[in-house]
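# the amino acid sequence is not available; the structure is as follows:
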């Protein structure tokens, strides 16, 4: 039986900068595991099936937030919602917000994996935490979902010459500058999306939204925590939905950074077990930083709880 299976996305930001990472991780594992590079969703499904067939004790995921969400989705489809092995996030993406929020603050996947291999060899108890997933439209799993401003921010961020924290700050400054002059960019970013929003069956207060966001973790990046109540109650996630315009939103950023309510009448801020969004038009949305194909409906429910190895 292999003890550790590692799924590696070769397209993840920091994996592109180190093309031989799979070989390095393979040497770290030695006889205690194996590495599979997954350049497509089909390859990812095959890797998930191999993990189950080999009865791995834990699964390393080498990539960023999007890789983690897509890998967990493939694993839930393969294992079912209750039998997932523990997950070890090996941070190698341009966005690693989810891994950081789950207590995996360390960089360098090789070092992280080496520590776990050593602890497992010595029979040490690995530090585990549990984290709630959400299920989107019955077929995707992740921790963060959004439409409107979150998607537009990601588009601008991915267009930056450098990503990471520097790219995110640069994007934020560009948006702020455009907001001050009422520029075309900020008008596009804060374009209202006509939609009906239902939280646990109760209709939301607006007919169009500039921000629709829900999460089971607090942090959305750069230390901003719009869903500061994400882990307040078991069986609930936090919904932050707003019809807010650009300048009031920028004025609310200090409160969001401090994980406090914005107290804006244009923000609907509530805990939920079920969120349903019906868009008037097909609309792009994001799951954990990956922009998804347009849809007219989002159905967000609680998903499985995953066990994560802190590092």
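The structure has been received and is ready for your questions. Just so we're clear, the structure is a prediction, and the values are computed from it rather than from any experiment.

# quick check: what element follows the longest helix anywhere in the chain along the chain?
Secondary structure of the chain per DSSP state H: the longest helix is helix 164-181. Scanning the chain past helix 164-181 towards its C-terminal end, the next helix or strand to appear is helix 184-189 (assignment: DSSP states H and E).

# what's the longest helix of the chain packed up against?
helix 149-158, helix 184-189, helix 246-257 (3 or more Cβ pairs under 8 Å, 6 or more residues apart in numbering; DSSP states H and E). No exception for glycine: its C-beta is placed from N, CA and C like everyone else's.

# tell me the angle of it relative to helix 149-158?
Relative orientation of helix 164-181 versus helix 149-158 (axes from the mean of the first three to the mean of the last three Cα atoms, to 10 degrees): 120 degrees.

# list the buried residues for helix 164-181?
Judged by neighbour count (16 or more other Cβ atoms under 10 Å), helix 164-181 contains these buried residues: 167, 168, 170, 171, 172, 174, 175, 178, 179.

# which one of these is nearest to residue 83?
residue 168 (36.1 Å; Cβ to Cβ).

# so that closest one sits against residue 220, correct?
No - applying Cβ atoms under 8 Å, one finds residue 168 not in contact with residue 220, separated by 10.2 Å.

# would you map the helices across this structure?
When secondary structure is read from DSSP H, the chain shows helices at 13-16, 21-29, 41-54, 65-79, 97-101, 109-121, 149-158, 164-181, 184-189, 246-257.

# where does the protein have low pLDDT?
Within the chain, the stretches with pLDDT under 70 are 1-2, 106.

# need the longest strand for it.
With DSSP state E setting the assignment, residue counts place strand 290-309 as the longest strand in the chain.

# now for it, which elements pack on it?
The criterion is 3+ Cβ pairs under 8 Å, 6+ apart, and the helices and strands that strand 290-309 contacts are helix 65-79, strand 87-91, strand 128-136, strand 140-142, strand 144-148, helix 149-158, strand 274-287.

# quick one: distance of the longest one to the chain centre.
When distances are taken as Cα atoms, centre = their mean, to the nearest Å, helix 65-79 is centred 11 Å away from the chain's centroid.

# got the angle for it vs strand 274-287?
Comparing the axes of helix 65-79 and strand 274-287 via the same axes, to 10 degrees yields an angle of 120 degrees.

# what of the fifth one?
In this structure, strand 144-148 runs at an angle of 80 degrees to strand 274-287, with the same axes, to 10 degrees as the basis.

# just to revisit the earlier point, of all the helices of the chain, which lies closest to residue 86?
That would be, of these and by Cβ to Cβ, helix 109-121, which comes in at 9.9 Å.

# hmm, who's touching the closest one?
Counting by Cβ atoms under 8 Å, 6 or more residues apart in numbering, helix 109-121 makes contact with 3-4, 6, 21, 24-25, 28-30, 32-33, 57-58, 60, 62, 88, 90-92, 104, 106, 126, 309, 311, all of which sit outside it.

# so among the residues you listed, which ones count as buried?
Buried, going by 16+ other Cβ under 10 Å: 3-4, 6, 21, 25, 28-29, 33, 57-58, 60, 62, 88, 90-92, 104, 106, 126, 309, 311, out of the contacts of helix 109-121.

# returning to what we had before: tell me what angle the longest strand of the chain forms with helix 109-121.
What separates the directions of strand 290-309 and helix 109-121 is an angle of 30 degrees, with the same axes, to 10 degrees.

# need the buried residues of helix 164-181 in a markdown table with distance to residue 195, can you?
Shown next, in a markdown table, are these (distance: Cβ to Cβ, whole Å):
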| residue | distance to residue 195 |
| --- | --- |
| 167 | 29 |
| 168 | 26 |
| 170 | 30 |
| 171 | 24 |
| 172 | 25 |
| 174 | 26 |
| 175 | 22 |
| 178 | 24 |
| 179 | 23 |
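
# how about stretch 30-48: buried residues?
In stretch 30-48, counting by 16+ other Cβ under 10 Å, buried: 33, 34, 35, 36, 37, 38, 44, 45, 47, 48.

# quick one: which of those residues is nearest to residue 71?
residue 44 (6.4 Å).

# that closest one contacts residue 50, correct?
No - counting by Cβ under 8 Å, residue 50 is not a contact partner of residue 44; they are 10.7 Å apart.

# so residue 171 versus residue 68, what's the distance?
Summarising the geometry, the distance separating residue 171 from residue 68, computed by Cβ to Cβ, to the nearest Å, is 22 Å.

# kindly report the same for residue 53.
22 Å.

# likewise residue 32?
Residue 32 sits at a distance of 22 Å from residue 68 (criterion: Cβ to Cβ).

# likewise for residue 5?
Applying Cβ to Cβ, the value for residue 5 to residue 68 is 15 Å.

# of the two, which one has the most company?
residue 68 (32 against 24; other Cβ atoms under 10 Å).
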